[in-house]
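*Asks:* Need the 3D shape of this:
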Amino acid sequence: MQLTDHRDLTPAQREQLLEIQLLPGQQRYAGDMTCALYTLFSSDSPDIRGVALLVENVPQAFLLLQRGAFLPCWARIDAAIINALQVDRRRQGHGLGRFCMQALPDLVRSLWPEVRCLQLSVDPDNHAALALYRGTGWVDSGDGFRARKGYECQLTLAL
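*Replies:* Down below sits the predicted model:
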């Protein structure tokens, strides 16, 4: 398994990203690949990156990294945020999300050495995501985006 910048994917791997599917209940939290890729391609800024997890050279998970002008009001100025984490439903429960969270700090340091932490916002009802993040060292750090009820949980991982 390896995390790789979207820019380094082959044309075939970029097409395979569209095969990543979430369970229907997860889409309300993370959207889908079409939305994630639309966000990625809506700007050519170096402050937004797509990251794919390759398993045997096939993308099985994807997330967006954003910093600078793409930071929400709740994020630290020295942060990069994670958005739209998606692990293919057929590969869930096999440690792919955990691998992403553990490998991500090194990738972010290589992309953006000035970034000091990673942050994200997750719905308080998304128990699986909260368990993943907290289990890989993320700590609660305040309120994130507005949620259906109140606010999402903001989590931070120091780099």
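*Asks:* distance between whichever helix or strand residue 14 is part of and the chain's centre?
*Replies:* Assigned by DSSP states H and E, residue 14 belongs to helix 11-17. On the basis of C-alpha atoms, centre = their mean, to the nearest Å, helix 11-17 is displaced by 18 Å from the centre of the chain it belongs to.
*Asks:* Just the residues contacting it, thanks.
*Replies:* Residues from elsewhere that reach helix 11-17 (C-beta atoms under 8 Å, 6 or more residues apart in numbering): 6, 9, 33, 37, 52, 54, 57-59, 62. For glycine as for every other residue, the C-beta is placed from the backbone atoms N, C-alpha and C.
*Asks:* Report the mean per-residue pLDDT for stretch 50-67.
*Replies:* When pLDDT is averaged along stretch 50-67, the result is 96.
*Asks:* whoops, I mixed them up, stretch 82-102
*Replies:* Here the average pLDDT along stretch 82-102 is 92.
*Asks:* ditto for stretch 24-39
*Replies:* Mean predicted confidence for stretch 24-39 is 79.
*Asks:* picking up where we left off before, looking at the contacts of helix 11-17, which are in strands?
*Replies:* 52, 54, 58-59, 62 (DSSP state E).
*Asks:* which residues does residue 132 contact?
*Replies:* Residue 132 touches 97-98, 101, counting by C-beta under 8 Å, 6+ apart.
*Asks:* Excluding chain neighbours, what is closest to residue 91?
*Replies:* residue 60 (4.8 Å; C-beta to C-beta, 6 or more residues apart in numbering).
*Asks:* give the contact list for that neighbour.
*Replies:* By C-beta under 8 Å, 6+ apart, residue 60 lies in contact with 20, 53-54, 87-88, 91, 96.
*Asks:* repeat that with 7 Å
*Replies:* By C-beta atoms under 7 Å, 6 or more residues apart in numbering, the contact set of residue 60 is 53, 87-88, 91, 96.
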